[in-house]
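Student: No letters, just coordinates:
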């Protein structure tokens, strides 16, 4: 039996791996609330990356070299595009004064939402592409335009979280506690008007909702980018989820040095333009070899990281 063109055993194996990773993460490594240091963050992220590489090797073995290379390409692209999400998450935690001891809990449950939302978005995208092939051209044009805009866009991270439309909407429609209550997302408190004991959201829940909202915004770029690499829903979804799992683990190491990746956005812009242009080239000229696509993508991203590290070394010192 198959689901979206992929055998059920492959989906089952992927699901089992993700469940095992999350259970080990929350049930063993972080059973109690505690701060996560940089060293632990790096080791945890390395573990997730290793699992992604092993899974990619399994895809290569089971479905062929092209699918394996597409998985690794999608993984690198998604992980790189999500780096900017680290800055936004850090901004959200700072705005609501979320202590480091509770940040992993918010990120963990945020992953649960991402798994569901990305699945829905990718499922819809795959169905649309299967029915309307021309949507790929729209994706390609969208990626090229997004890449060009990224080259000339100015940083806009100085906006206040409290001015965000979603925050204003939530404050108007739900009761929110003005302080944290341990690691709880909701708490029963007296209503300010009636005095009745009712449920209130805590700043922890507000931060979680905003992080989920930010992921939806970033998915608008990243999902079409991976669909431009491959139209296989299995490869698109699995590469997305593995990249996000590892990035959330790496957050505690990256949050303090994300400013050192200042020039990576130019490499990401080039990657988006390359992937978008590749759709038109593949459709009207000839198919671009998967290995060449992976090499160009990895080379551009590596160049962006190296230039960023060199250009910002004085700031680091």
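Tutor: That came through fine. Bear in mind the structure is a predicted one, so any value in this text is a computation, not a measurement.
Student: all contacts plus neighbour counts: C-alpha atoms, from now on.
Tutor: Noted.
Student: So which residues of the chain form helices?
Tutor: Secondary structure of the chain by DSSP state H: the helices cover 8-24, 38-63, 65-81, 83-95, 100-131, 135-152, 165-173, 203-229, 233-254, 264-284, 290-311, 313-316.
Student: Please name whichever of these is nearest to residue 179.
Tutor: Between residue 179 and the helices of the chain, the shortest gap by C-alpha to C-alpha is with helix 203-229, which sits at 6.6 Å.
Student: So what's the residue count around residue 234?
Tutor: Burial of residue 234, expressed as a neighbour count using other C-alpha atoms under 10 Å, amounts to 25.
Student: thinking again about what came up before, in CSV, list the helices of the chain along with distance to residue 191.
Tutor: Below are the helices of the chain laid out as CSV (distance: least, C-alpha to C-alpha, whole Å):
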stretch, distance to residue 191
helix 8-24, 36
helix 38-63, 40
helix 65-81, 42
helix 83-95, 24
helix 100-131, 25
helix 135-152, 46
helix 165-173, 14
helix 203-229, 17
helix 233-254, 35
helix 264-284, 46
helix 290-311, 50
helix 313-316, 48
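Student: Can you get me a residue count around residue 136?
Tutor: Residue 136 has 22 nearby residues by other C-alpha under 10 Å.
Student: can you check residue 40 too?
Tutor: Using other C-alpha under 10 Å, residue 40 is surrounded by 15 other residues.
Student: And stretch 46-55, what's buried?
Tutor: 48-49, 51-53, 55 (16 or more other C-alpha atoms under 10 Å).
Student: residues in contact with stretch 198-217?
Tutor: Where contact means C-alpha atoms under 8 Å, 6 or more residues apart in numbering, the residues beyond stretch 198-217 that reach it are 85, 88-89, 92-93, 96, 98, 106-107, 109-110, 113-114, 117, 166-167, 174-181, 183-191.
Student: do stretch 176-194 as well
Tutor: Applying C-alpha under 8 Å, 6+ apart, the set of residues contacting stretch 176-194 from outside is 33, 102, 105, 196-205.
Student: Can you go through the contacts of stretch 198-217 and name the buried ones?
Tutor: Buried members of these, scored by 16+ other C-alpha under 10 Å, are 85, 88-89, 92-93, 96, 98, 106-107, 110, 113-114, 117, 175-177, 180, 183, 185-187, 189.
Student: Closest to residue 296 out of the buried residues of stretch 46-55?
Tutor: When the buried residues of stretch 46-55 are compared for distance to residue 296 (C-alpha to C-alpha), residue 53 comes out closest, at 18.8 Å.
Student: ok, the closest one - contacts?
Tutor: With C-alpha under 8 Å, 6+ apart as the criterion, the residues that contact residue 53 are residue 72.
Student: picking up where we left off before, return the members of the contacts of stretch 176-194 classed as buried.
Tutor: For the contacts of stretch 176-194, a neighbour count by 16+ other C-alpha under 10 Å gives the buried set as 102, 105, 199-205.
Student: Low-confidence stretches in the chain?
Tutor: Across the chain, residues meeting the criterion (pLDDT under 70) sit at 154-163, 256, 259, 314-317.
Student: circling back: tell me which two of the contacts of stretch 176-194 sit farthest apart.
Tutor: Using C-alpha to C-alpha, those span at most 30.8 Å, a distance reached by 33 and 196.
Student: pretty sure residue 14 is touching residue 241, no?
Tutor: No - Residue 14 is not in contact with residue 241 according to C-alpha atoms under 8 Å; the separation is 10.0 Å.
Student: So for the two, which residue has more residues nearby?
Tutor: A count of neighbours by other C-alpha under 10 Å puts residue 241 above the other of residue 14 and residue 241, at 21 against 16.
Student: And for the more buried one, nearest residue in space, chain neighbours not counted?
Tutor: Once flanking residues are discounted, residue 241 sits nearest to residue 115: 6.6 Å by C-alpha to C-alpha, 6 or more residues apart in numbering.
Student: And residue 61, how far from residue 226?
Tutor: According to C-alpha to C-alpha, to the nearest Å, residue 61 and residue 226 sit 21 Å apart.
Student: Show me which of the two is the more surrounded one.
Tutor: Regarding residue 61 and residue 226, a neighbour count based on other C-alpha under 10 Å identifies residue 226 as having more, with 27 against 12.
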